[in-house]
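[1] need a structure here:
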Amino acid sequence: MKKVIFITRCLLMAAAIILLSDSKLHAQNKVNVVTINWNNIIAVSKMTPTLQIVENPMVRNSSPIHQGTFKALKELGADYVRYVPWFPYPKMAVAELDPPGKDKTSWNFTYLDSTMQAVMEATKGHPVVINFSTTPAWMWETDSVVTYPADPYQPCWNYNQGTQLRDTTMKELSAYFARLFSWYTKGGFTDELGKFHQSGHYYKIPFWEVLNEPDLEHKITPRMYTKMYDAIVEEIMKLSPETKFVGISAGHERNPEFFEYFLNPKNHRPGIPLDCISYHHYSQQSWTWSDQPIEICQYTYFEKAEALFDRVRYIENIRKRLSPNTITMINEIGTMFSAPKESGYKIPDNYWNLSGAMYAYIFLELTKIGIEVAGESQMVGYPTQFPDVSMMNWKNGNPNARFWVLKLLKDNFVPGDKLVNATYNNALGVYVQGFITNKGKKLLLINKKNTEVPLQLPDEAKNAPVSIVDITTRENPPMKSRLTGNNITLRPYTVAVVLLKE
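    Numbering: from 1, shown residues only. Now for the predicted structure:
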């Protein structure tokens, strides 16, 4: 078996060398001339780039990177930041861990409040998407009582058990979420025994997302999820008629049945809004996890992104047919490099730039399709907690290249921008897009490969200012400079924005 693995790795390394050599040969022999037709508008952007932050010990106020994390989040200034307390940490995600008894309840927000407060403070002035995604385990029919660790920071990967709620009327479920919502928006709530619990929180929550990845967590069917969504939304609407709701939140966008069923208004209770839908995408390696060269990963990641776009177009056709006023948030976008047990230990520095370049490319293509929100996943990951998708260095609290690519896009492109046709030799793995923005004409440049690529930009780009995230900027903000003439050489996995003259 070890011999087979060794041979496989050798073959992959050989393939990577051939691919890299081929890329270098193309770069030496071809001049990549970029032409922009500013009169040929191909799309008008509806897109907002943003991110998600997931509750875990490294974002807590006791974490050494807590302050740097929320400083970066505040300075990003993004709309639609998605906050998700999730199931591996029951004490940080579930407000009522034990079922109510005859004389007491277990409501406890000790470990829920601090990160929620930090998120709301850091995003003040911007609409947020809140998703307390984990349902109490005792609400589900299970073979035995589901236990949880006494230590709130100890993960519990088997907390989500059961596929059928014990109360099929959904009253127990919807009442739980209504009380949780009241805790954060109405200053408190009255529990099952008539006791009032005072919080002092009066947050405005403009978007509430109903559950997370129901197709994976509890393996909920489209029909059952729709019933759960309707029951929860109906109760929260009584408390906050102005709140909008995000549905589906699918872990895989491959199941059209979810979208066909949920987006059909006939399958919902009267008066239930279908404001938004959401789903997720992660590009992973196709072969054995260990020791994959970046040159192999870059092809796998972008091939899977191309497959995503086909599915997005298919889902958009369903949405437009059944619920055309519903907007789409693809609110978890990322890459994975290592096997879960190895995660965080063998990640090369230029991986963060490759992952950032892929996010920029997905952002661009989703903008062309007409998607409204592209959320990069996630603010903080670390070994044992999906470090491959982290936007922060979990050792020193500095934002990495994935974060800075997001900030570059957020600072330069907004809904209403016009995308225009660009002509160039994209065989080199470079993508160029012209934008007409309210701050002038701009070019978005993305290098998808681990090789330098020279570009000759239009004459109007001579000596233009440029902002760059590449393998030299590391954990620093985008490098700002000016072009020398109208030529630029993109280093591996570069994302750059050029501001042209008016």
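
[2] care to break the protein down by domain?
    2-42+419-499, 44-415 (automatic domain parsing).

[3] start and end of the last one, how far apart?
    For domain 44-415, the first-to-last residue distance is 8 Å (CA to CA, to the nearest Å).

[4] one step back: could I get the domains of the chain as TSV with mean pLDDT?
    Below are the domains of the chain laid out as TSV (pLDDT from 0 to 100):
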stretch	mean pLDDT
domain 2-42+419-499	83
domain 44-415	94
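
[5] tabulate these (a markdown table), appending mean neighbour count.
    Using the backbone N, CA and C atoms, a C-beta is placed for each residue, glycine as well. Listed next are these as a markdown table, based on neighbours: other CB atoms under 10 Å:
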| stretch | mean neighbour count |
| --- | --- |
| domain 2-42+419-499 | 17 |
| domain 44-415 | 19 |
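
[6] what's the residue closest to the geometric middle of this structure?
    E332 (2.5 Å; CA atoms, centre = their mean).

[7] tell me the bridge partners for that one.
    H280 (DSSP bridges).

[8] CA atoms of stretch 370-386 as CSV?
    C-alpha atoms of stretch 370-386 as CSV (Å, rounded to 0.1, in the frame of the first residue of the first chain):
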residue,chain,number,x,y,z
GLY,A,370,-26.2,38.1,-11.1
ILE,A,371,-25.7,36.7,-7.6
GLU,A,372,-26.1,39.2,-4.8
VAL,A,373,-23.8,38.0,-2.0
ALA,A,374,-20.5,36.1,-2.1
GLY,A,375,-19.4,35.2,1.5
GLU,A,376,-15.8,34.0,2.0
SER,A,377,-15.4,31.2,4.6
GLN,A,378,-14.3,31.8,7.3
MET,A,379,-12.8,34.5,9.5
VAL,A,380,-10.9,32.2,11.9
GLY,A,381,-10.0,28.5,11.5
TYR,A,382,-7.1,26.7,13.1
PRO,A,383,-5.8,23.1,13.5
THR,A,384,-8.7,20.7,14.2
GLN,A,385,-11.2,23.5,13.1
PHE,A,386,-10.7,23.7,9.3
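
[9] which SSE is N421 in?
    strand 418-423 (DSSP states H and E).

[10] quick check: next helix or strand after that strand?
    strand 430-437.

[11] what about that following strand, distance to the chain center?
    In terms of CA atoms, centre = their mean, to the nearest Å, the gap separating the centre of strand 430-437 from the centre of its chain is 23 Å.

[12] how far off strand 418-423 does it point, in degrees?
    Angle, strand 430-437 to strand 418-423, by axes from the mean of the first three to the mean of the last three CA atoms, to 10 degrees: 140 degrees.

[13] which elements pack onto strand 430-437?
    Applying 3 or more CB pairs under 8 Å, 6 or more residues apart in numbering; DSSP states H and E, we find strand 430-437 packed against strand 35-44, helix 349-369, strand 418-423, strand 440-447, strand 453-456.

[14] and with 10 Å instead?
    On a contact count with 3 or more CB pairs under 10 Å, 6 or more residues apart in numbering; DSSP states H and E, strand 430-437 meets strand 35-44, helix 349-369, strand 418-423, strand 440-447, strand 453-456, strand 495-499.

[15] who are the packing partners of the fifth one?
    Applying 3+ CB pairs under 10 Å, 6+ apart, we find strand 453-456 packed against helix 2-29, strand 32-33, strand 430-437, strand 440-447, strand 487-490.

[16] paired strands for it, with orientation please.
    strand 32-33 (parallel), strand 487-490 (antiparallel).

[17] do the fourth one as well
    According to DSSP bridges, strand 440-447 forms sheet pairs with strand 430-437 (antiparallel), strand 495-499 (antiparallel).

[18] then that strand to PDB, C-alphas only?
    Extracted C-alpha coordinates of strand 440-447, given in PDB (Å, rounded to 0.1, in the frame of the first residue of the first chain):
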ATOM      1  CA  GLY A 440     -13.700  55.600 -12.400                       C
ATOM      2  CA  LYS A 441     -12.800  52.800 -14.700                       C
ATOM      3  CA  LYS A 442     -11.000  49.800 -13.100                       C
ATOM      4  CA  LEU A 443      -9.400  46.500 -14.100                       C
ATOM      5  CA  LEU A 444      -9.600  43.400 -12.000                       C
ATOM      6  CA  LEU A 445      -6.600  41.100 -12.700                       C
ATOM      7  CA  ILE A 446      -6.400  37.500 -11.400                       C
ATOM      8  CA  ASN A 447      -3.500  35.100 -12.000                       C
END
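
[19] now the angle between strand 35-44 and that strand, please.
    Going by the same axes, to 10 degrees, strand 440-447 makes 100 degrees with strand 35-44.

[20] so how far is the strand or helix carrying T300 off the chain centroid?
    For T300, the host element (DSSP H and E) is helix 294-322. Centroid separation for helix 294-322 versus its chain: 15 Å, with CA atoms, centre = their mean.

[21] swap in stretch 386-398?
    Using CA atoms, centre = their mean, the distance between the centre of stretch 386-398 and that of its chain works out at 15 Å.

[22] again, but for stretch 359-377
    On CA atoms, centre = their mean, the centre of stretch 359-377 falls 10 Å from that of its chain.

[23] endpoint to endpoint, that stretch covers what distance?
    10 Å.

[24] pull stretch 136-147 out as CSV, backbone CA atoms only.
    Presented in CSV, the C-alpha positions along stretch 136-147 are these (Å, rounded to 0.1, in the frame of the first residue of the first chain):
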residue,chain,number,x,y,z
PRO,A,136,-31.1,21.4,21.1
ALA,A,137,-30.3,17.7,20.8
TRP,A,138,-33.2,16.8,23.2
MET,A,139,-35.7,18.0,20.6
TRP,A,140,-34.8,15.0,18.4
GLU,A,141,-35.7,11.4,18.6
THR,A,142,-32.5,9.5,19.4
ASP,A,143,-31.6,6.0,20.6
SER,A,144,-30.1,7.5,23.8
VAL,A,145,-29.7,10.8,25.6
VAL,A,146,-27.2,13.0,23.7
THR,A,147,-24.5,14.2,26.1
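
[25] for the closest residue to D275 other than its chain neighbours, what are its contacts?
    Leaving out its chain neighbours, the residue that sits closest to D275 by CB to CB, 6 or more residues apart in numbering is K244, at 4.0 Å. K244 makes contact with P127, V129, I205, P206, F207, W208, E209, V233, P273, D275, C276, I327, according to CB atoms under 10 Å, 6 or more residues apart in numbering.
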